[in-house]
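**Q** using only what follows, build the 3D model:
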Amino acid sequence: MSVLSIDNLDVSLGRKPVLEAVGFEAGEGELIGLIGPNGAGKTTLLRAILRLTSSTGNILLDGSDLRRMQVADRAKIIAYLPQERDVAWPVTVKTLVSLGRSALKPAFAGFDHTDETVVETAMKRMGVAELASRPANELSGGERARVLIARVLAQDTSIILADEPVAGLDPAHQLELMELFAGLAQENRTVIASLHDLGLAAKYCTRLIVLDDGRLIADGTPEDVLTPALLRDVYGIDAQLMKIDGEFILHTRKRLR
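**A** Predicted coordinates for the structure are as follows:
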């Protein structure tokens, strides 16, 4: 059964269409890269799935209408990493990561041993356990990004939607995060991540969905999707996806426009 099913999804801002007739299914165990140029509609699509942006069309979660699901019930299934990385209030890193557990709790319910264990594990996986007592608003951009990813992991959901998750991370932590996402997919979770780095997308994602000007124009494996023609037409670059020692590498020759 498909975990997430999107059908004929439209989003408009005023009279301007932002997404038009977008449809796809995301199954268990998939790491899906949502790619496309700036302004293609990637962030809007993720926000529409979460009902943070008004839309028309069908969004089903395990066959049930996501729009009719209570926020608390949805939070037990879907975790969201937004593009914004700002932390305005001086809470500690551990408190911020613990907010991922709050989404699963009744109001005013305390944390138990399981919650503490999940939070500690999430911080360790993102390499921020040593920052636990630091005020989150005093961290560097890269540290803050890793803390917010740890908060998503602490929510422990079957679906993760991540908007530009590698933004602000150094190359080593970008690879670490994509390896983590690949591991979560192997645990039969579903990860949908918007990405600008096509090399990372090709290396780690099991599937790529391409948006351009609000329309879904390609959906398939990296090898099937990242053709020279698509890279030329969508990104305006002369490039080719190559396989060296069993791994995909995007060789970019020049900009075409």
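**Q** look up how far residue 117 lies from residue 83.
**A** As judged by Cβ to Cβ, to the nearest Å, residue 83 and residue 117 stand 30 Å apart. Quick note: C-beta positions are derived from backbone N, CA and C, even for glycine.
**Q** which one's more surrounded, these two?
**A** Between residue 83 and residue 117, counted using other Cβ atoms under 10 Å, the more crowded position is residue 83 (14 against 10).
**Q** okay, now the spatially closest residue to the more buried one that is not a sequence neighbour: neighbour count?
**A** Spatial nearest neighbour of residue 83, excluding adjacent residues (Cβ to Cβ, 6 or more residues apart in numbering): residue 163 at 4.2 Å. Number of residues near residue 163 (other Cβ under 10 Å) recorded here: 20.
**Q** residues touching residue 163, list them.
**A** By Cβ atoms under 8 Å, 6 or more residues apart in numbering, the contact set of residue 163 is 42, 43, 46, 80, 81, 82, 83, 193, 194.
**Q** residue 27: neighbour count?
**A** 15.
**Q** is it true that it touches residue 3?
**A** Yes - between residue 27 and residue 3 there is a contact at 5.9 Å, judged by Cβ atoms under 8 Å.
**Q** tell me how this structure divides into domains.
**A** 1-77+157-226, 87-156 (automatic domain parsing).
**Q** of all those domains, which one is nearest residue 238?
**A** Among those, domain 1-77+157-226 comes nearest to residue 238, with 13.0 Å by Cβ to Cβ.
**Q** same question for the closest one, mean pLDDT?
**A** Domain 1-77+157-226 shows a mean pLDDT of 93.
**Q** hang on, the earlier thing: over to the residue nearest to residue 83: give its phi and psi.
**A** With angles defined as degrees, to the nearest 10, residue 163 sits at phi -100, psi 110.
**Q** quick one: the strands in the stretch 151-257 of the chain?
**A** Ranges of strands within the stretch 151-257 of the chain are 159-163, 190-194, 207-212, 215-220, 237-244, 247-255, based on DSSP state E, counting those that start in this stretch.
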